[in-house]
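Engineer: Sequence plus predicted model, see below.
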Amino acid sequence: MAGRIPQAFIDDLLERTDLVELIQRYVPLKKSGSEFAACCPFHSENTPSFYVSPQKQFYHCFGCGAHGTAVSFLMEHENLSFPEAIGQLAEWAGLEVPREPGSVEAEPTAHLIEALEAAARFYVDQLKHSPVAVEYLKGRGIDGNTARDFAIGWAPAGAGTLVRALGERFDTETLIASGLAARRDDGSLRDRFRARILFPIRDRRGRVTGFGGRLIEPGEPKYLNSPESAVFHKSQTIYGLFEARRAETRLGELVVTEGYMDVVGLAQAGFRRAVACMGTALTRGHLDLLFRQVPRLVLCFDGDEAGRRAAWRAMEQALPVVQGMREIRVLFLPEGDDPDSLVRREGLEGWQRRLNAGTVLSETFMRLLAERYPLDTAEGRSQCAHAAVALVNTVNDPLFRGQLCDLVAERTQTPRARIEAMLEQPEAGPRTAAAPPRGGDDSSGGTAPRGRNQLWSALLARVLQLPRADWRDPSILRLVAAGGRAPEILGSILDSIDASPGISTARLLEQFRDASFFPRLMQLASLPLGGEEPELSRRVALDSADRLFREHCRERMRSLSSQTDRPLGQEELEELRRLQALLAQGEGMGNRGE
């Protein structure tokens, strides 16, 4: 198996790659100040909101939120894997991609994909020989062309039909690891999917990574998905996204439905912009993935109580994600209906009218709150305001946050100033989406208050966007030495900057691509700094580091001082005195803006 690509080669390749020239291959760029602008290649728009920074070698779209490096651009725009994107850049640069001997890439293994692709072809062939399955699809209004477009198949009822068909090409462990087969108690294999309509689930490159199966006869479970595997992750998978992108190259909107048949039924009616989650609740990861494709989403929910609960959960996930030109609308369907049944009964025009009548997220926000906390009594309005503030406090976009404050103040008959005061209270809840990378708030692993999250964002965004040699200021070094997840990440970033003087933002980011916190670093690298002068950015960063360190000291002091079950030991007393001295020293320096 191929070895891992050396990081030194990736660094050199990015140094040779001009992001402006790369993106010019796909869209025309025009000079705009120190950057270049264009209409975004990832979503439809008439006014340019896509900017490329030659200095950072980084792009960002203020419309759909797409951002990244040269590698990210090729991965997103061309549906390439990381090694394929590196290979393409190397080919353009006239270089051969080296491999480290003895290492193994953390990429989905080819033999699993091959087995899943072979299974998909087998299931499609079996559909031709199953009159019952064909009649079922016809009864749902699905014709042969649509079945072909989505590669719909049929899993025969036999317990080992697929295992026997693929057994000569793939070994037992491959069939199990791909989720196509399971082992019986006696050690023999059985097909995972039996007597079901099969919907292959494709990744963004069109490769089959799993299946969803639906029973057409009475029985349980009605729906069955592939298990989690090296190539299939339900929480990161959107059914129909590949097909939607293939049907419309410049998508402006996606409609999120509940299941496979909704996606397929809408496609049969001529509506090719529907997708579905994999039988799981809509998550922030799903939303981020979808917003990398389009700036506008319509979320469909059943009109019953279960639909209301699902909408509430989705709203909690959506509020932190809405920013810039992103838009979310919510459509509640008539009770007993789904998109598939509606479009068959009302036609494509009727379905489009319903979509157009969808409610914007802010109105859905107040509607769902008012259903829980009636606004016709003082008590209800008070409860509604408190519940609303906890949700508003998760919003990251300052303009959207302000609009929601106005809306809550108006509907609950509460002065705007009172709402703002409630937002600053600790019980209002954390802005979790703005948190530092993966538990980076402190060493305790607790949830950081909003102010600390903002400080970490301010500090890390500036270090990433201005990677220079003079960040090792005492204020930052003592914060790194304080310990905890975020200080460790900051220390690693500083080490990378020191090791490569003159490193660009893009090169710096790519050194952390395999880290769990890489997506958060990408977000911080795209955070607008409002045209700050470098010296102002440095002062803001150092001030943030000062504040974070003092907060760390105070929290540890509170923890030590609240110890009541036993007297403090000598080391703890010395630590307490040392923290007090450090705080006094910092305050003697003028608090640097606190």
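Structural biologist: Ah, there it is.
Engineer: which residues of the stretch 251-400 of the chain fall in strands?
Structural biologist: 253-257, 274-277, 296-301, 327-332, 359-360 (DSSP state E, counting those that start in this stretch).
Engineer: nearest to residue 199, of these?
Structural biologist: strand 274-277 (9.7 Å; CB to CB). C-beta here means a position set from N, CA and C on the backbone, and glycine is covered the same way.
Engineer: Given the closest one, what are its sheet partners and their directions?
Structural biologist: strand 238-239 (antiparallel), strand 253-257 (parallel) (DSSP bridges).
Engineer: For the helix or strand containing residue 487, name the packing helices and strands.
Structural biologist: Here residue 487 is covered by helix 485-499, with elements defined by DSSP states H and E. The contact analysis (3 or more CB pairs under 8 Å, 6 or more residues apart in numbering; DSSP states H and E) places helix 485-499 against helix 450-465, helix 474-481, helix 505-510.
Engineer: Adding mean pLDDT and distance to residue 524, write the strands paired with strand 274-277 out as CSV.
Structural biologist: Listed next are the strands paired with strand 274-277 as CSV, based on pLDDT from 0 to 100; distance: least, CB to CB, whole Å:
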stretch, mean pLDDT, distance to residue 524
strand 238-239, 92, 25
strand 253-257, 94, 26
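Engineer: closest to residue 374 out of those?
Structural biologist: strand 253-257 (29.3 Å).
Engineer: which residues are in contact with that closest one?
Structural biologist: 241, 244, 263, 266, 271, 273-277, 282, 290, 293-294, 296-300, 338-339, 355 (CB atoms under 8 Å, 6 or more residues apart in numbering).
Engineer: Give the buried residues for it.
Structural biologist: 253-257 (16 or more other CB atoms under 10 Å).
Engineer: For the helix holding residue 487, list the C-alpha coordinates in PDB.
Structural biologist: Extracted C-alpha coordinates of helix 485-499, given in PDB (Å, rounded to 0.1, in the frame of the first residue of the first chain):
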ATOM      1  CA  ARG A 485      -5.800  21.900  25.200                       C
ATOM      2  CA  ALA A 486      -5.900  25.400  23.500                       C
ATOM      3  CA  PRO A 487      -2.500  26.500  24.900                       C
ATOM      4  CA  GLU A 488      -1.000  23.300  23.600                       C
ATOM      5  CA  ILE A 489      -2.500  24.000  20.100                       C
ATOM      6  CA  LEU A 490      -1.200  27.500  20.200                       C
ATOM      7  CA  GLY A 491       2.300  26.200  21.200                       C
ATOM      8  CA  SER A 492       2.200  23.800  18.200                       C
ATOM      9  CA  ILE A 493       1.300  26.600  15.800                       C
ATOM     10  CA  LEU A 494       4.100  28.800  17.200                       C
ATOM     11  CA  ASP A 495       6.600  25.900  16.700                       C
ATOM     12  CA  SER A 496       5.500  25.500  13.100                       C
ATOM     13  CA  ILE A 497       6.000  29.300  12.500                       C
ATOM     14  CA  ASP A 498       9.500  29.200  14.100                       C
ATOM     15  CA  ALA A 499      10.500  26.200  12.000                       C
END
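Engineer: what's the angle from that helix to helix 474-481?
Structural biologist: 120 degrees (axes from the mean of the first three to the mean of the last three CA atoms, to 10 degrees).
Engineer: and helix 485-499, how far out from the chain's middle?
Structural biologist: In terms of CA atoms, centre = their mean, to the nearest Å, the centre of helix 485-499 is set 24 Å apart from its chain centre.
Engineer: and what of stretch 467-477?
Structural biologist: Distance, centroid of stretch 467-477 to centroid of chain: 31 Å (CA atoms, centre = their mean).
Engineer: ok, now stretch 110-118?
Structural biologist: On CA atoms, centre = their mean, the centre of stretch 110-118 falls 26 Å from that of its chain.
Engineer: closest one to residue 176 among the strands of the stretch 251-400 of the chain?
Structural biologist: strand 274-277 (25.6 Å).
Engineer: Adding distance to residue 318, write the strands of the stretch 251-400 of the chain out as a markdown table.
Structural biologist: A markdown table is the format used below for the strands of the stretch 251-400 of the chain (distance: least, CB to CB, whole Å):
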| stretch | distance to residue 318 |
| --- | --- |
| strand 253-257 | 11 |
| strand 274-277 | 13 |
| strand 296-301 | 8 |
| strand 327-332 | 5 |
| strand 359-360 | 11 |
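Engineer: between these, which one is nearest to residue 62?
Structural biologist: Closest among those, using CB to CB: strand 327-332, at 13.2 Å.
Engineer: now the closest one against strand 253-257, angle please.
Structural biologist: 40 degrees.
Engineer: Buried residues in stretch 271-286, which are they?
Structural biologist: Quick answer for stretch 271-286 (16+ other CB under 10 Å): 271-278, 282-283, 286.
Engineer: Endpoint to endpoint, it covers what distance?
Structural biologist: 21 Å (CA to CA, to the nearest Å).
Engineer: Now residue 271: phi and psi?
Structural biologist: Backbone torsions of residue 271, given as degrees, to the nearest 10, read phi -100, psi 110.
Engineer: So which of the buried residues of stretch 271-286 is the closest to residue 60?
Structural biologist: Distances from residue 60 to the buried residues of stretch 271-286, taken by CB to CB, are shortest for residue 286, at 21.3 Å.
Engineer: How about the secondary structure of residue 95?
Structural biologist: The three-state label given to residue 95 by DSSP: H, G, I helix; E, B strand; the rest coil is coil.
Engineer: And residue 567, by the same measure?
Structural biologist: Residue 567 ends up coil, using three-state DSSP.
Engineer: That one and residue 558, how far apart?
Structural biologist: 17 Å (CB to CB, to the nearest Å).
Engineer: can you check residue 466 too?
Structural biologist: 34 Å.
Engineer: swap in residue 509?
Structural biologist: Residue 509 is 36 Å from residue 558, by CB to CB.
Engineer: same thing with residue 232?
Structural biologist: From residue 232 to residue 558 the distance is 46 Å (CB to CB).
Engineer: quick check: domain ranges of this protein?
Structural biologist: According to automatic domain parsing, the chain comprises the domains 7-93, 110-232, 238-366, 373-429, 434-593.
Engineer: mind putting the ones you listed in a markdown table, distance to residue 100 included?
Structural biologist: Below are the domains of the chain laid out as a markdown table (distance: least, CB to CB, whole Å):
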| stretch | distance to residue 100 |
| --- | --- |
| domain 7-93 | 9 |
| domain 110-232 | 19 |
| domain 238-366 | 30 |
| domain 373-429 | 39 |
| domain 434-593 | 14 |
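Engineer: which one of those lies closest to residue 99?
Structural biologist: Across the domains of the chain, closest to residue 99 is domain 7-93 (CB to CB), at 9.4 Å.
Engineer: ends of that closest one, how far apart?
Structural biologist: 17 Å.
Engineer: now do stretch 273-281
Structural biologist: Note: stretch 273-281 ends 20 Å apart using CA to CA.
Engineer: Kindly report the same for stretch 251-264.
Structural biologist: Taking CA to CA as the measure, stretch 251-264 stretches 18 Å from start to finish.
Engineer: And for stretch 121-135?
Structural biologist: 20 Å.
Engineer: Would you indicate which residues of the helix or strand where residue 134 lies are buried?
Structural biologist: For residue 134, the host element (DSSP H and E) is helix 131-139. Within helix 131-139, the residues that count as buried by 16+ other CB under 10 Å are 133-134, 136-137.
Engineer: could you say what helices and strands that helix packs with?
Structural biologist: Checked by 3+ CB pairs under 8 Å, 6+ apart, helix 131-139 has helix 110-128, strand 196-202 packed alongside it.
Engineer: nearest to residue 167, of the strands of the stretch 251-400 of the chain?
Structural biologist: strand 274-277 (32.2 Å).
Engineer: When residue 232 and residue 558 are compared, which one has more neighbours?
Structural biologist: Shown here are residue 232 and residue 558; by other CB atoms under 10 Å, residue 232 has more neighbours (23 against 9).
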